[in-house]
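K.L.:
next input, structure requested:
(2 chains, ligands or ions: 1)
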Amino acid sequence: MKLTGAKILMQSLKEEGVDTIFGYPGGAVIDIYHELVQTDIRHILVRHEQGAVHAADGYARASGRVGVCLVTSGPGATNTVSGIASAYFDSIPIVVLTGQVPTQLIGNDAFQEVDIVGITRPCTKHNYLVTRVEDLARVVREAFHIAKSGRPGPVLIDLPKDLMSKKCEYRPPKDVNLKSYQPTYRPNTKQLHKVVKLIKEAKRPMIVAGGGVVLSKGSEELRKFAEKIQSPVSTTLMGLGAFPTQTPLWLGMIGMHGTYRANMSTAACDLMIAIGVRFSDRVTGKTDAFAHQAKIVHIDIDPTSIRKNIPVTIPVVGDCRQTLQMLNELLEKEDFSGVQKPRTAWINQIEEWKSTKRLAYTQSDTIKPQFVIEKLYELTAGKALVTTEVGQNQMWTAQYYHFDQPNSFITSGGLGCMGFGLPAAIGAQVARPDKLVVDIAGDGSIQMNIQEMATAVQYGLPVKIIILNNQYLGMVRQWQELFYNRCYACTGMEHAPDFVKLAEAYGAVGLRATKPEEVEETLKQGLALPRTVIMEFVVEREEKVYPMVPAGAPITDMLLV
Amino acid sequence: MDDEHRENHILSLMVENQPGVLSRIAGLFSGRGFNIESLCVAETTEPNISRVTLVTTGDMNIVEQIKKQLNKLINVLKVFDFTGVSHVERELVLLKIRAKPEYRAEILRLVDIFRSRVVDVGTDYYMVEVTGDQGKIKAFLDLLEPMGIKEIARTGLIALPREKQ
Ligand SMILES: Cc1ncc(C[n+]2csc(CCOP(=O)(O)OP(=O)(O)O)c2C)c(N)n1
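P.N.:
Numbers count the residues shown, from 1 in each chain, chains lettered A, B, ... in the order given. Predicted coordinates:
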């Protein structure tokens, strides 16, 4: 039967199992919307296209499926760029559908024309401009395949308007077979044997796990692996949640705002097993000084990650979960009775670091932001799905909300995109209606996509927004305080809306705490409400995130409180 | 970058013959701060596949990263590095050279020695076509340079591996 492009698109999306689309209509996608409302695919109308992409991102992370968003051409498409780049950096599988002017107008500077395929080439895993309706079904199938396989990432499909009403015979496409794209899931066993040998020789091993472990659903294997070889574990920001925090093997997060014991371990370890990390500069600090005594094993599904920033002793290309599984099997056959003892000294050393230089703050007369997060952790028993904005709020969340479950921490790690948290929380809540979803925000970041309050209220999404209001662009102010002689150039944010009234104006609930003794009550009240809630905490203005490693310094050179 | 370890690398890519593929490749180089010395693209015997030959410089790590990044592009089917591989390389150069009467004989002699050809003659210039590997082209240009090259167009290098013996 002959179907229009718009019908074929819907049919194809359904075949990919899409049940929700985050989007914003416009002239170029009007035909698609016309079809969309006749399907049972749920559409969430956001208030800004950037919100649509972040929401699709949050949906993807919370559900483990591909997130989808749909926007119009030109300005709709350009508004998606930050969201796409954020998903690209964090390897999140999303498919972005953009409208495009009719094929015969492409290249003519038509109304609302923009070369979005060109613009997004460097920040998508792949992208397509569909030029024939006959290609549409195949392109959609390929796009989903590429987005979710290998190292996941965003894929964009640009859809010229005329193709949406053009008809062609619809045949569901066959399974994808892209000759040039064959991710390596199964690692080379020879390499694994070498890894086992190094593990047996090591006296002070350390594991660094990243987002790749979360994405590959490998946290259970990671736990087994670490226990088996009795190695302490640190994770990157993206890896939080991949390893339980209540074990002696847990080192805490590594990097610029990592724990003392995690960062010191990097300098002392003689073997570092890096799994699903890309050694971002926020993790390594000065690369020459990073893990300089250690042999490094680097496991990653993306070969470009390996040896990009850090020299590696044994590269292993493969899916993190599958690799850990195979390593665990190999280790089963090994005698590890001799390993336990020599490593006690190492574990003791780490315990000592942990007890002398722990994460700490002192609660005084004004609310400390860390206190709010610790209380939140207590009250939610660590069960919330937490998104963050970017800045100090993000780092305090990473440090003080202890993430024991993969995918429970949703943050813009690689791009560090302010305005991410609220829309991501919306996406996460849509994916997981059963979960308590909390966005932890700064007063600056929340204002970047505050309009999505309307989306949350419209769809009855009971996301909780915690604003740590320090009336500063806090993280930048912290740098200015420490490295720019306290010259607070343009980081004051005294002028903000009244967030309580703002919440009410959007039809949500607004609560505010200004004293430490109000924190617990405000949280309890806000968390108990089955509605969209803003909880504003007026916090210590000049509080800093510690530890901190100055950019470009070795990560063992930490400023500690 | 460590100048001692900088090397010229000839890379040969088999890519899908589609719009946008070249811009993906070029964008990868510019976006990551890699250098392209020359770049040639044309169809192969299979019309849906093109061969891209590009010359780039960098130390081992950079070139390894370049190759991995190229391989990662969905439309790139194969990446081949000619370093350490026996191969034939060629470039075609067209150039116009001032042909003052006192130089004419010399120019024609050089053209002859280098097995190049004069393809056009004007009142005060010759247009010369020469093909060869990088060494030959460089030698030829060095010899002609003092006589005054007016204009030059180069294709950039192409290469194929020799049959394995
Ligand atoms: C879109 C965007 N613009 C600018 C920045 C630079 N930046 C990083 S952190 C930060 C301050 C964030 O302030 P706020 O949201 O109030 O959070 P706080 O650090 O105070 O917790 C800024 C401006 C960014 N990360 N993203």
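K.L.:
A:F225 - nearest residue in space that isn't next to it in sequence?
P.N.:
With C-beta to C-beta, 6 or more residues apart in numbering or on different chains as the criterion, A:F225 has its nearest non-adjacent residue at 5.2 Å, and that residue is A:L324. Using the backbone N, CA and C atoms, a C-beta is placed for each residue, glycine as well.
K.L.:
er, A:L436 actually
P.N.:
A:A384 (4.5 Å).
K.L.:
likewise for A:Q112?
P.N.:
Nearest non-adjacent residue to A:Q112, counting by C-beta to C-beta, 6+ apart: A:G74, 3.2 Å away.
K.L.:
before we move on, what about A:T362?
P.N.:
Nearest non-adjacent residue to A:T362, counting by C-beta to C-beta, 6+ apart: A:K368, 7.6 Å away.
K.L.:
check the spacing between that neighbour and A:A56 real quick.
P.N.:
In this structure, A:K368 lies at 34 Å from A:A56, with C-beta to C-beta, to the nearest Å as the measure.
K.L.:
who has more neighbours out of the two?
P.N.:
The residue with more neighbours, out of A:K368 and A:A56 and counting by other C-beta atoms under 10 Å in any protein chain shown, is A:A56; that gives 36 against 21.
K.L.:
the more buried one contacts A:G427, doesn't it?
P.N.:
Yes. Applying C-beta atoms under 8 Å as the test, A:A56 and A:G427 come out as touching, 6.0 Å apart.
K.L.:
what sits in contact with each of the two?
P.N.:
Taking C-beta atoms under 8 Å, 6 or more residues apart in numbering or on different chains as the contact criterion, the residues that touch both A:A56 and A:G427 are A:22, A:67.
K.L.:
may I have the helix or strand of chain A with the lowest mean pLDDT exported as PDB, CA atoms only?
P.N.:
Here the helix or strand of chain A ranked lowest by mean pLDDT, DSSP states H and E is helix A:344-356, holding a mean of 93. These are the backbone C-alpha positions of helix A:344-356, laid out as PDB (Å, rounded to 0.1, in the frame of the first residue of the first chain):
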ATOM      1  CA  THR A 344      45.500  -5.200  52.900                       C
ATOM      2  CA  ALA A 345      48.200  -2.600  53.200                       C
ATOM      3  CA  TRP A 346      46.800  -0.800  50.200                       C
ATOM      4  CA  ILE A 347      43.200  -0.900  51.400                       C
ATOM      5  CA  ASN A 348      44.300   0.300  54.800                       C
ATOM      6  CA  GLN A 349      46.100   3.200  53.300                       C
ATOM      7  CA  ILE A 350      42.900   4.200  51.600                       C
ATOM      8  CA  GLU A 351      41.000   3.800  54.800                       C
ATOM      9  CA  GLU A 352      43.400   6.200  56.400                       C
ATOM     10  CA  TRP A 353      43.100   8.800  53.700                       C
ATOM     11  CA  LYS A 354      39.300   8.400  54.000                       C
ATOM     12  CA  SER A 355      39.200   9.000  57.800                       C
ATOM     13  CA  THR A 356      41.700  11.900  57.800                       C
END
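K.L.:
what does that helix rub up against?
P.N.:
For helix A:344-356, contacts defined as C-beta under 8 Å, 6+ apart pick out A:203-205, A:230, A:232, A:248-249, A:251, A:259-261, A:264-265, A:268.
K.L.:
again, only this time at 10 Å
P.N.:
Counting by C-beta atoms under 10 Å, 6 or more residues apart in numbering or on different chains, helix A:344-356 makes contact with A:202-206, A:230-232, A:248-252, A:259-265, A:268-270, A:340, all of which sit outside it.
K.L.:
mind listing what's buried along that helix?
P.N.:
Along helix A:344-356, these residues count as buried under the neighbour rule (16 or more other C-beta atoms under 10 Å in any protein chain shown): A:346-347, A:349-350, A:353-354.
K.L.:
and which of the residues you listed is nearest chain B?
P.N.:
Closest approach between the buried residues of helix A:344-356 and chain B, by C-beta to the nearest C-beta: A:W346, at 31.3 Å.
K.L.:
in the chain, where is pLDDT below threshold?
P.N.:
As the question left the chain open, I've gone with chain A. Regions of chain A meeting the criterion pLDDT under 70 cover residues A:340.
K.L.:
that's the other chain; I wanted chain B
P.N.:
Chain B contains residues with pLDDT under 70 at B:1-4, B:165.
K.L.:
could you point out the longest strand of it?
P.N.:
As far as residue count goes, and with DSSP state E defining each element, the longest strand of chain B is strand B:87-98.
K.L.:
and the helix or strand just after that strand with strand B:87-98, angle?
P.N.:
Note on strand B:87-98: by DSSP states H and E, the next helix or strand toward the C-terminus is helix B:101-113. With axes from the mean of the first three to the mean of the last three C-alpha atoms, to 10 degrees applied, the angle from helix B:101-113 to strand B:87-98 works out at 170 degrees.
K.L.:
buried ones in helix B:101-113?
P.N.:
Using 16+ other C-beta under 10 Å as the test for burial, helix B:101-113 gives B:103, B:107, B:110-111.
K.L.:
looking at the buried residues of helix A:344-356, which is nearest A:T362?
P.N.:
Each of these was checked against A:T362 using C-beta to C-beta; the closest is A:K354, at 18.9 Å.
K.L.:
and the residue nearest to A:T362, what does it touch?
P.N.:
For A:K368, the contacting residues are A:361-362, A:374, A:396, A:400, A:468, A:516, A:519, A:537, A:539-540, A:543, taking C-beta under 10 Å, 6+ apart as the criterion.
K.L.:
what about the helices in chain B?
P.N.:
Ranges of helices in chain B, per DSSP state H, are B:21-31, B:60-72, B:101-113, B:134-144.
K.L.:
okay, now the residue of the stretch 101-250 of chain A found nearest the ligand: neighbour count?
P.N.:
Distances from the stretch 101-250 of chain A to the ligand, computed as C-beta to the nearest ligand atom, single out A:L237 as the nearest residue at 13.5 Å. Here the count is done by other C-beta under 10 Å, and A:L237 has 28 residues near it.
K.L.:
name the nearest residue to it, sequence neighbours excluded.
P.N.:
Counting by C-beta to C-beta, 6+ apart, the nearest residue to A:L237 once its immediate chain neighbours are dropped is A:G413, at 4.8 Å.
K.L.:
SS state for that neighbour?
P.N.:
Using DSSP: H, G, I helix; E, B strand; the rest coil, the structure places A:G413 in coil.
K.L.:
which residues does it contact?
P.N.:
Contacts here follow C-beta under 10 Å, 6+ apart; on that basis A:G413 touches A:86, A:89-91, A:210-211, A:236-240, A:280, A:282, A:388, A:390, A:394, A:398, A:420.
K.L.:
which of those fall in helices?
P.N.:
When helices are assigned by DSSP H, the members of the contacts of A:G413 inside them are A:86, A:89, A:211, A:282, A:394, A:398.
K.L.:
show me what from the stretch 1-150 of chain A comes close to chain B.
P.N.:
Within the stretch 1-150 of chain A, the positions near chain B by C-beta under 10 Å from any C-beta of the partner chain are A:115, A:117-118, A:121-123, A:125-129, A:131, A:142, A:146, A:150.
K.L.:
show me where the stretch 101-250 of chain A has its helices.
P.N.:
For the stretch 101-250 of chain A, the helices defined by DSSP state H, counting those that start in this stretch occupy A:116-120, A:136-148, A:161-165, A:189-201, A:211-215, A:219-229.
K.L.:
check those helices for me and report the most buried one.
P.N.:
Between the helices of the stretch 101-250 of chain A, helix A:211-215 has the highest mean count of neighbours, a mean of 29, where neighbours are mean count of other C-beta atoms under 10 Å in any protein chain shown.
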